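1. sequence unknown, structure follows:
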């Protein structure tokens, strides 16, 4: 009888553990596919490019990314979609860029150098 009691307690706990693990895996996958954590930005307090007005994504504050780090499977058009920077603009900002051979870990500029060194 003690075994049945233990099973009745442990089964729901196992289900909760599986759901939590699934959620954490989903969050990690989502962060990896949306570029979260793979860009270089200034801290919010010192970033001159932090926006507070309305933007495409609503009225939430967000930082303008300065650099995109190429991930496995990226091509220039997908980088353009992820960063909202046109392919032509990416090529302008990165003249050494070979669009046919992006390397994992390669850093692509998303804004001109002059904008990154401006002081408010």
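-> Perfect, thanks for sending it. Quick caveat, the model's predicted, so the values are computed rather than measured.
2. just checking, next helix/strand downstream of the helix or strand of the chain at the bottom of the mean pLDDT ranking?
-> The helix or strand of the chain with the lowest confidence, counting by mean pLDDT, DSSP states H and E, is strand 39-40 at a mean of 44. Using DSSP states H and E, the helix or strand that follows strand 39-40 towards the C-terminus is strand 67-69.
3. Can you list the strands that that next one pairs with?
-> In the sheet, strand 67-69 lines up against strand 39-40 (antiparallel), strand 107-109 (antiparallel) (DSSP bridges).
4. and that strand, what's its mean pLDDT?
-> For strand 67-69, the mean pLDDT works out to 93.
5. what sits up against the helix or strand following that strand?
-> Next in sequence after strand 67-69, counting helices and strands by DSSP H and E, comes helix 76-83. Applying CB atoms under 8 Å, 6 or more residues apart in numbering, the contact partners of helix 76-83 are 34-35, 65, 68, 70, 85-87, 90-91, 97, 99, 102, 108, 110. Every residue, glycine included, has its C-beta placed from N, CA and C.
6. which ones are touching residue 99?
-> Applying CB under 8 Å, 6+ apart, the residues near residue 99 are 75, 76, 87, 91.
7. What are the phi and psi values at it?
-> Dihedral pair for residue 99: phi -60, psi -20, per degrees, to the nearest 10.
8. roughly how far apart are it and residue 76?
-> Per CB to CB, to the nearest Å, residue 99 is found 5 Å from residue 76.
9. Domain ranges for this protein, per the record?
-> According to automatic domain parsing, the chain comprises the domains 1-33, 41-120.
10. Return the most buried member of those domains.
-> For those, average neighbour numbers computed from mean count of other CB atoms under 10 Å are highest in domain 41-120, which has a mean of 13.
11. name the element residue 105 belongs to?
-> Counting by DSSP H and E, residue 105 is part of no helix or strand.
12. That one against residue 67, yeah?
-> No: contact criterion CB atoms under 8 Å: residue 105 and residue 67 do not qualify, at 11.6 Å.
13. Flag the shaky bits of the chain, pLDDT-wise.
-> Residue ranges of the chain with pLDDT under 70: 1, 33-63, 114-120.
14. Helix 76-83 and the helix or strand where residue 12 lies, what's the angle between them?
-> Using DSSP H and E, the element containing residue 12 is helix 2-33. Calculated by axes from the mean of the first three to the mean of the last three CA atoms, to 10 degrees, helix 2-33 forms an angle of 110 degrees with helix 76-83.
15. Before I go, just wanted to say thanks for your time.
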